[in-house]
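[1] Curious how this folds, go ahead:
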Amino acid sequence: MNINIKATNMELTNAISEYINKRLSGISKFIKKGDTVAHIEVGKTTNHHNKGDVFRAEFDIEISGLKFYTVSEKDDLYKAIDDAKEEIVRQIINEKDKKMTLFKRGAKSVKKMLKGISDRNPFTSKY
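    Coordinates of the predicted model:
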């Protein structure tokens, strides 16, 4: 996994980069072996500490040609990073579930066709 971390309007400290690497190491269990590139941008959206959402975490991850993107703005940088990580994991899991559902649906159609129950073409019909 290739990780690129960028900080805007703030200094990127070792603590922040270690925290991001620690959070991204948890994503690796959802990723098959392959070419993975992660672009992470953290920073302040404004210099005012008393107004609204201040910190922003932006994750852009490409896994074997599939792109996942999320942005989180919170009053704490670490909360923003955690929130963005959870959203990326949710997107990866949804994509994996979608692929498995389509695979199972196709397998069910092929099985029916081989048994002689259905004359439908599994590649053109829904069932």
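
[2] E62 reaches V37, doesn't it?
    Yes - in this structure, E62 is within contact of V37 by C-beta atoms under 8 Å, at 4.8 Å. No exception for glycine: its C-beta is placed from N, CA and C like everyone else's.

[3] center of this structure - which residue?
    Of all residues in the chain, the one closest to the mean position by C-alpha atoms, centre = their mean is I88, 2.8 Å from it.

[4] Which strand or helix spans it?
    helix 77-115 (DSSP states H and E).

[5] can you pull the buried residues of that helix?
    Buried positions in helix 77-115, judged by neighbour count with 16 or more other C-beta atoms under 10 Å: 77-78, 80-85, 87-89, 91-92, 109.

[6] what is the mean pLDDT for that helix?
    Mean pLDDT, helix 77-115: 85.

[7] for that helix, packing partners?
    helix 14-25, strand 36-44, strand 55-63, strand 66-74 (3 or more C-beta pairs under 8 Å, 6 or more residues apart in numbering; DSSP states H and E).

[8] would you turn the ones you listed into TSV with mean neighbour count?
    Converted to TSV, these look like this (neighbours: other C-beta atoms under 10 Å):
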stretch	mean neighbour count
helix 14-25	14
strand 36-44	18
strand 55-63	20
strand 66-74	16
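
[9] Give me the distance from the helix holding I88 to the chain's centre.
    Distance of helix 77-115 from its chain centroid, counting by C-alpha atoms, centre = their mean, to the nearest Å, is 11 Å.

[10] That helix to strand 66-74, inter-axis angle?
    Taking axes from the mean of the first three to the mean of the last three C-alpha atoms, to 10 degrees, one finds helix 77-115 and strand 66-74 inclined to each other by 150 degrees.

[11] For the residue lying closest to T45 once chain neighbours are set aside, list the residues it contacts.
    What sits nearest to T45 in space, not counting adjacent residues and going by C-beta to C-beta, 6 or more residues apart in numbering, is R56, at 4.9 Å. By C-beta atoms under 8 Å, 6 or more residues apart in numbering, the residues touching R56 are E41, V42, G43, K44, T45, V71, S72, E73, A80.
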